[in-house]
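A.B. asks: please work out how this folds:
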Amino acid sequence: MEKNQAATQTPEQTAQEYNQLVAVRRQKLADLREAGNDPFVLTKYPVDNYASALKEKYAHLEPEQETGEIVCLAGRMMSKRVMGKASFADLRDNSDRIQLYVRRDLVGEEEYAAFKKMDIGDVIGIKGEVFRTKMGEISIKTTEVILLSKSLLPLPEKYHGLKDTEIRYRQRYVDLIVNPDVKDTFVKRSRILREIRDYLDSRGFLEVDTPILLPLEIGASARPFVTHHNTLDIDMYLRIETELNLKRLIVGGFDKVYEVGRIFRNEGMDTKHNPEFTSIELYQAYTDYKGMMDLVEELYKRLAQNVCGSLTIPYQGHMIDMGHWERMTMVEAVKKYSGCDYYSWDSDEDARAAAAEKHIEVSADATKGAVLVELFDAFVEENLIQPTFIYDYPVENSPLAKRKPKEPAFTERFEYFINATEFGNAFSELNDPIDQKERFERQVAARKALNPADTSQVDYDYITALEYGLAPTGGLGFGLDRLVMLLTDSASIRDVLLFPTMKPVE
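C.D. replies: Take a look at the predicted model:
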């Protein structure tokens, strides 16, 4: 009946009812304080057990069997069923929920009266004996119930819950309280990150930190956030990558480094993009992009097995086989899915004509490499559901990758795709300072030609570092957030960020 009434209420009625509930809780707080029982005074509680551990420890108990073990738990009261001289409640702590059996003759007359006035959402501490009820549920026969913190706002009612995604993301604290699966996602996120660190550390990589605030805007495609340093009186830029500083460390003599870094890009937001996100970049001297391929495949297999318990995992309606990775050059992939053969084009004009036949618009001066990339975007990416490496990218869109020695129109670069989404990017790093300087200067000039007010600059200090000699190096970067989405079967990046960027409420 209550469920149907809630469903048919007008917004005004719902707001009025909510305000009444808040007023009742505020009055309860005032009454507690007047009686000298301020619920915000206690500073600690002697917790010695958790719900999940007790359930596991006593899974063998028979109905109505007692244990004699007295435990202290604390958490949030999620339900309460008052039945005269005895009541039941559900307590949820950091690990799980457990049932409380509260009897007036066990806790005392005053304590029982106080318990009956407690609200759903209140944080409480309890003491009692573990037993299994007649109905078969592991429970705590309480001898003490203490209010540790008063909840002044009612939780979303149980039938409708907190389902409005906008509110869920803005009030993640409420989302975590009423949707336990959400908490599981973030526990798994932490585990994924720990597994990545363990894997890289075991292979001899050193975790490092590089600056977030940078003195210049590098000439990359991503737009940075700009701030101002008052003491130095200069504009500074939040980093859009960690790449150049990590490669400086390879120059300095570290053979294997990685960083788990917060990245900031002043761009749009959608299900796969947030203005701040976490990337993992790693660089290894004396290897190349093929070595990075092997590392990615080994790492992702380990993550699937250790975090999900299987090499085959569900993701958004597909079963993804992390045990099998396909490898194709970009030329091979475009030929397979569009029918266009790069090696049949004798000139840039032939490439543009091939694009026109496929109804793909390209610029009037598009090169063969540029056309290849456009055809890839139009025909290939949507087909890459199972894990796939696409490698050997045209030099036109790979300013930091080393050219292939026998095919200088291409670079030693790969991206890998799962469920038609790019998950990471890797190079045999360009270590020719003269070539790198020319590419950087062309990139910055192209940006300024499009926008004379563009403030991007060439990082000449990085060129200086290369002039001291960068060993042959393989580099890899991938987004942690997209990886967590994959391993938790989450549809949006906001589902795996505790506090995603939101437009302020007016």
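
A.B. asks: switch to C-alpha atoms for all contacts and neighbour counts from now on
C.D. replies: Will do.

A.B. asks: low-confidence stretches in the chain?
C.D. replies: Within the chain, the ranges that satisfy pLDDT under 70 run 1-9, 157-163, 219.

A.B. asks: in it, which strand has the most residues?
C.D. replies: For the chain, the strand reaching the highest residue count under DSSP state E is reported as strand 66-83.

A.B. asks: each with direction, which strands does it pair with?
C.D. replies: Strands flanking strand 66-83 in the sheet, each with its direction: strand 86-92 (antiparallel), strand 123-132 (antiparallel) (DSSP bridges).

A.B. asks: what residues does the helix or strand just after the longest one touch?
C.D. replies: I take that to be strand 123-132. Counting by DSSP states H and E, the element after strand 123-132 in chain order, helix or strand, is strand 138-149. The contact list for strand 138-149 (C-alpha atoms under 8 Å, 6 or more residues apart in numbering) reads 39-40, 42, 55, 58-59, 98-103, 106-107, 111, 115, 118, 122-133.

A.B. asks: how about 6 Å then?
C.D. replies: 39-40, 99-102, 106-107, 123-132 (C-alpha atoms under 6 Å, 6 or more residues apart in numbering).

A.B. asks: and for stretch 428-438?
C.D. replies: Applying C-alpha under 6 Å, 6+ apart, the contact partners of stretch 428-438 are 288-289, 400-402, 412, 463, 466-467, 470, 473-474.

A.B. asks: phi, psi of the residue nearest to residue 429 when sequence neighbours are not counted?
C.D. replies: Spatial nearest neighbour of residue 429, excluding adjacent residues (C-alpha to C-alpha, 6 or more residues apart in numbering): residue 401 at 5.0 Å. Per-residue torsions, residue 401: phi -100, psi 150 (degrees, to the nearest 10).

A.B. asks: who's in contact with residue 401?
C.D. replies: The neighbours of residue 401, taking C-alpha under 6 Å, 6+ apart as the test, are 411, 427-430.

A.B. asks: just to be sure, which of the contacts of stretch 428-438 are found in strands?
C.D. replies: Filtering these for strands - DSSP E - leaves 412, 473-474.

A.B. asks: quick one, helices of the stretch 351-500 of the chain?
C.D. replies: 368-375, 433-450, 460-467, 480-488 (DSSP state H, counting those that start in this stretch).

A.B. asks: hmm, back to that, of the contacts of stretch 428-438, just the buried ones, ChimeraX syntax please.
C.D. replies: To isolate in ChimeraX the members of the contacts of stretch 428-438 that are buried, counting by 16 or more other C-alpha atoms under 10 Å, one can use:
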select :288,289,400,401,402,412,463,466,470,473,474
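
A.B. asks: list just the nearest of the contacts of stretch 428-438 to residue 489.
C.D. replies: residue 289 (28.5 Å; C-alpha to C-alpha).

A.B. asks: test my guess that the closest one contacts residue 473.
C.D. replies: No: applying C-alpha atoms under 6 Å as the test, residue 289 and residue 473 come out as separate, 8.3 Å apart.

A.B. asks: go through the strands paired with strand 66-83 and pick out the most buried.
C.D. replies: strand 123-132 (a mean of 22; mean count of other C-alpha atoms under 10 Å).

A.B. asks: ok and that one relative to strand 138-149, angle-wise?
C.D. replies: Interaxial angle of strand 123-132 relative to strand 138-149 (axes from the mean of the first three to the mean of the last three C-alpha atoms, to 10 degrees): 170 degrees.

A.B. asks: ok, residues contacting strand 123-132?
C.D. replies: 63-67, 69-76, 138-149.

A.B. asks: which among those residues end up buried?
C.D. replies: Judged by 16+ other C-alpha under 10 Å, buried ones among the contacts of strand 123-132: 66, 71-76, 138-149.

A.B. asks: got the contact list for stretch 44-58?
C.D. replies: Stretch 44-58 is touched from outside by 72-73, 95-96, 98, with contacts defined as C-alpha under 6 Å, 6+ apart.

A.B. asks: the strands in the stretch 101-250 of the chain, which residues?
C.D. replies: 123-132, 138-149, 206-207, 213-214, 226-229, 234-238 (DSSP state E, counting those that start in this stretch).

A.B. asks: list the contacts of residue 103.
C.D. replies: Neighbours of residue 103 in contact, by C-alpha under 6 Å, 6+ apart: residue 86.
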